[in-house]
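Chemist: Just a sequence and a predicted model for now, questions to come.
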Amino acid sequence: FRSHPHFCGHAPYLGYGAFSAERAAGEAVQLGYLLISRESGAGGHHHGLHAQGEPPLHHAGILSVFSPKKQNMYPEAAAQCAVRQPFLRGDGSIRFGTELRGRSVLFLQKRDCFWQNREFSMNKLGLLTIYKSVIVPNTDNMKGLEAAAAAGIVAGKQEKKLEVIADVTPEQTKAIRAYLDQTDIKVRHVENGVTFDIILTVWKGEHSAQVRIAVFHTNIVHVEKDGEVLVDIPVHGDSEETLTDRSLLDMEHIWDFANTVDVEDVRSILEPQIRCNMAIAEEGLRGSYGANIGSVLLDMEGNDVRVRAKAYAAAGSDARMNGCEQPVVINSGSGNQGITTSVPVIVYARELGVSDGKLLRALTLSNLTTIHEKTPIGRLSAYCGAISAGAGAGAGIAYLCGGDYDAVIHTVVNALAVVSGVICDGAKASCAAKIATAVEAGLLGYNMYIRGNQFRAGDGIVAKGVENSLKNVGRLGRQGMKETNNEIIDIMVGG
């Protein structure tokens with residue numbers, strides 16, 4: 001796989017995988033599948049569902065992309081989907097299949113033209129988890145899976161892992177656009193039993209290669225070349241046994257750690273979060289990005305610290321979802337969650353004039369609280385991750401305002417009781433408004449508690465004890481929202 005000059009060369013250090021012909025039976029001919037993360041979505045628009053000569057594709061959640069020039073070549077598909085992707089054309093076909101947000105599976109069929117233009121660096125294939133409606137970084141505002149795939153093929157540096165397209169040059173941006181002009185990309189949803197599952201298959205002539213990523217972004221589990229299995233690591237559902245053990249986390253120990261840790265031990269992690277996440281928040285307020293939720297909040301509600309906490313966090317998402325190329329320090333695999341967890345805490349710390357050490361402790365508390373909330377929900381879910389992060393930010397703010405352990409845990413439970421029904425329907429401009437709502441819930445949760453009010457066991461999903469309440473939220477997000485996830489996918493792909 002790595003030595004053949006006409007294949008992908010060094011696989012992106014994200015994951016390998018194959019989807020057997022037997023499992024693909026009844027779906028289509030020569031199928032490959034590529035899964036995008038739940039925080040991702042299918043790219044672009046959709047028109048056809050299958051090429052001539054292939055058996056019909058029966059799954060309801062299918063998104064395919066063809067060029068306008070090819071629209072009349074797929075009459076059966078045209079009867080099912082009518083929206084077209086305007087900038088794709090060419091004689092070969094790539095299909096990315098997607099089960100948006102969490103079970104997004106990208107289906108891919110590629111013919112000889114994949115390597116037709118040798119000026120592209122075909123040994124540097126970068127796969128990105130990217131959103132249906134979000135702009136791909138460093139591509140001059142290109143949007144969707146097509147642009148993400150093309151950017152990885154043309155300019156990706158696999159050794160940079162999740163930053164494969166961090167260093168795209170202006171010349172490469174032009175090459176990406178040129179590549180899109182030569183290549184059709186088609187997207188389809190398929191259920192494969194693993195929540196996070198990225199499988200890519202490519203062809204050239206009689207040759208093929210397959211790569212699979214499963215469970216998390218950099219977990220390469222399978223690679224094949226011309227049917228020969230080179231790497232094969234069993235995948236046991238959504239088990240993350242190779243990752244950090246989070247079973248020791250609970251709110252009591254998180255509180256104890258935040259109060260006793262040597263801040264120098266966390267400084268190298270948290271100072272970049274302060275620097276990067278505040279920078280993109282400020283850029284979101286300076287520029288015009290998406291629906292400009294951050295600016296709207298300031299215009300509507302004024303400059304009070306509670307408004308700024310929401311507005312700056314929302315502005316960071318405004319920018320991130322709509323083309324700003326500044327880096328973000330993430331939480332639980334998500335940039336939006338990283339922004340939501342940290343920015344409101346930083347805004348409050350600056351307002352209150354607390355010491356550098358106290359800010360680092362507050363961020364330790366907010367970040368670990370968010371991670372703890374997210375652990376039972378799982379990496380990918382139809383449950384909006386910003387909700388967890390907003391409650392985590394509320395915990396950090398409660399600490400900054402002098403709150404004790406009881407104040408922190410009641411803040412978290414109160415916040416989750418209010419907004420746990422918010423769904424995740426892909427990364428896009430409206431994420432900023434959901435972030436503002438989540439931060440507002442965190443602030444409300446704290447202010448309820450200091451005024452002697454709280455939600456109690458039996459109030460909906462609230463249980464006796466913070467850990468039991470978090471367990472219920474995790475059950476809701478992981479199990480209860482499975483069918484919600486499927487419906488969201490079908491709606492988003494026109495099913």
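Modeler: Received the coordinates, thanks. On a predicted model such as this, the values are computed, not experimentally measured, just so you know.
Chemist: pLDDT below threshold where in the stretch 101-250 of the chain?
Modeler: 101-134, 185-192, 238-243 (pLDDT under 70).
Chemist: quick one: the strands in it?
Modeler: Assigned by DSSP state E, counting those that start in this stretch, the strands in the stretch 101-250 of the chain fall at 104-107, 183-186, 197-204, 207-214, 220-225, 228-232.
Chemist: Neighbouring strands of the fifth one in the sheet, and parallel or not?
Modeler: Read it as strand 220-225. Applying DSSP bridges to the sheet, strand 220-225 is found paired with strand 207-214 (antiparallel), strand 228-232 (antiparallel).
Chemist: tell me which residues in the shortest one are buried?
Modeler: Within strand 228-232, the residues that qualify as buried are V231, counting by 16 or more other C-beta atoms under 10 Å. Placement of C-beta: from N, CA and C, glycine included.
Chemist: same thing with stretch 271-281?
Modeler: Neighbour-count burial for stretch 271-281, counted by 16+ other C-beta under 10 Å, picks out Q273, I274, C276, N277, M278, A279, I280, A281.
Chemist: about what we covered before: tell me which of the strands of the stretch 101-250 of the chain is the most buried.
Modeler: Of the strands of the stretch 101-250 of the chain, the one with the most neighbours on average (mean count of other C-beta atoms under 10 Å) is strand 104-107, at a mean of 33.
Chemist: For R478, list the residues it contacts.
Modeler: P376, I377, G378, S381 (C-beta atoms under 8 Å, 6 or more residues apart in numbering).
Chemist: Swap in 10 Å and give it another go.
Modeler: When contacts are counted by C-beta atoms under 10 Å, 6 or more residues apart in numbering, R478 touches T195, D238, P376, I377, G378, L380, S381, A382, Y383.
Chemist: Lowest pLDDT pick from these?
Modeler: By pLDDT, D238 ranks lowest within the contacts of R478, coming in at 67.
Chemist: and the helix ranked longest in the chain, average pLDDT?
Modeler: When the chain is parsed with DSSP state H, its longest helix is helix 263-286. Confidence for helix 263-286, expressed as mean pLDDT, is 97.
Chemist: cool, stretch 407-423 as well?
Modeler: Mean predicted confidence for stretch 407-423 is 97.
Chemist: what's the answer for stretch 488-495, then?
Modeler: Average pLDDT, stretch 488-495: 72.
Chemist: just the buried residues of stretch 271-281 now: which is nearest A151?
Modeler: Nearest to A151 among the buried residues of stretch 271-281: I280, at 20.1 Å, using C-beta to C-beta.
Chemist: Give the full set of residues in contact with the closest one.
Modeler: I280 sits next to 289, 312, 315-320, 324-329, 335, 338-339, 343 when contact means C-beta under 10 Å, 6+ apart.
Chemist: same thing but 8 Å
Modeler: Contacts of I280 (C-beta under 8 Å, 6+ apart): G316, A319, R320, C324, Q326, P327, V328, I339.
Chemist: Neighbours of the fourth one, how many?
Modeler: Okay, so that is C324. With neighbours defined by other C-beta atoms under 10 Å, the count for C324 comes to 21.
Chemist: now the last one
Modeler: By other C-beta under 10 Å, 35 other residues sit near I339.
Chemist: Tell me which stretches of the stretch 251-400 of the chain form helices.
Modeler: With DSSP state H, counting those that start in this stretch as the criterion, the stretch 251-400 of the chain has helices at 251-260, 263-286, 293-301, 305-321, 335-352, 356-377, 385-400.
Chemist: Let me have those in a markdown table, extended by distance to L443.
Modeler: Formatted as a markdown table, these follow (distance: least, C-beta to C-beta, whole Å):
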| stretch | distance to L443 |
| --- | --- |
| helix 251-260 | 19 |
| helix 263-286 | 17 |
| helix 293-301 | 12 |
| helix 305-321 | 6 |
| helix 335-352 | 8 |
| helix 356-377 | 13 |
| helix 385-400 | 6 |
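Chemist: So which of those helices is the most surrounded?
Modeler: helix 385-400 (a mean of 32).
Chemist: nearest spatial neighbour of I409, skipping sequence neighbours?
Modeler: Once flanking residues are discounted, I409 sits nearest to V466: 4.2 Å by C-beta to C-beta, 6 or more residues apart in numbering.
Chemist: For the one you found, give its distance to E271.
Modeler: Noted for V466: a distance of 29 Å to E271, by C-beta to C-beta, to the nearest Å.
Chemist: Please apply the same query to R306.
Modeler: Using C-beta to C-beta, R306 is found at 25 Å from E271.
Chemist: Ok, T364 next?
Modeler: Taking C-beta to C-beta, one finds T364 at 12 Å from E271.
Chemist: Kindly report the same for V194.
Modeler: For V194, the distance to E271 (C-beta to C-beta) stands at 36 Å.
Chemist: Also A150?
Modeler: 35 Å.
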